[in-house]
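# Got a sequence here, can you build the structure:
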Amino acid sequence: MGSRPGSTPSHSRPEKQTRSKSSMTAKDRKEKVNRHFASDNWAGAPPEIMKALARANAGHAPAYGADEWTARAVKLIEKQFGGNCLAYLVSNGTAANVLGLAAMLKPHQSVLCSSVAHILVDECGAVEKWTGARLEPVPHVNGKIMAQTLEPF
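Got it, this is the predicted structure:
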């Protein structure tokens with residue numbers, strides 16, 4: 001499901017949700033937070049992440065995984081998973097999503113996702129092309145799929 005750069009198909013993006021001022025709490029009015037689970041990139045990065053990125057970006061480092069940051073990440077991943085794993089660090093979310101799903105899926109299988117899921121509306125068919133599996137949209141509330149929705153499957 002691709003679209004032209006700069007365009008947003010009406011079927012792929014949820015409508016902006018607002019509440020009336022009378023039903024908003026003081027915290028809501030102060031922060032004007034609208035939580036939606038369509039994609040992880042709807043929110044900005046926390047300040048701690050931006051500071052860590054700035055530190056990692058300072059100076060020069062070898063490329064293609066030979067840098068201290070990659071070595072540190074691999075050690076943390078091995079520690080978390082007991083050392084019996086391989087880490088494949090990739091440069092973007094599409095690659096990560098496709099590789100992760102390809103490791104789990106057979107071409108005749110499907111992924112159930114909301115109709116606003118990032119993997120469905122923003123990956124431009126990459127999952128289906130590289131895995132052969134289908135993405136099947138199911139009903140949702142703000143991007144969240146309720147357990148009872150999955151009962152027929």
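# for the protein, where's the lowest mean pLDDT among helices and strands?
helix 26-31 (a mean of 58; mean pLDDT, DSSP states H and E).
# per-residue pLDDT, residue 68?
With respect to pLDDT, residue 68 scores 91.
# quick one, phi/psi of it?
phi -60, psi -30 (degrees, to the nearest 10).
# tell me, how many neighbours does the closest residue to it other than its chain neighbours end up with?
Spatially, and ignoring its direct neighbours in sequence, residue 68 is nearest to residue 61 (6.8 Å; Cβ to Cβ, 6 or more residues apart in numbering). Every C-beta, even on glycine, is put in place using the N, C-alpha and C of the backbone. Neighbour count of residue 61, defined by other Cβ atoms under 10 Å: 12.
# Surely residue 61 is in contact with residue 69?
Yes - counting by Cβ atoms under 8 Å, residue 61 touches residue 69, with 7.1 Å between them.
# Would you confirm that the residue nearest to residue 68 belongs to a helix?
No - Residue 61 sits outside any helix when classified using DSSP: H, G, I helix; E, B strand; the rest coil, being coil.
# Can you give the domain ranges for the chain?
44-89, 106-153 (automatic domain parsing).
# Tell me which of these approaches residue 97 most closely.
Closest approach to residue 97 among the domains of the chain (Cβ to Cβ): domain 106-153, 5.6 Å.
# Phi and psi next, for the closest residue in space to residue 67 that isn't next to it in sequence.
Once flanking residues are discounted, residue 67 sits nearest to residue 61: 4.0 Å by Cβ to Cβ, 6+ apart. With angles defined as degrees, to the nearest 10, residue 61 sits at phi -150, psi 150.
# residues touching residue 61, list them.
Residues in contact with residue 61 (Cβ atoms under 8 Å, 6 or more residues apart in numbering) are 67-69.
# So which of these is the closest to residue 104?
residue 69 (27.3 Å).
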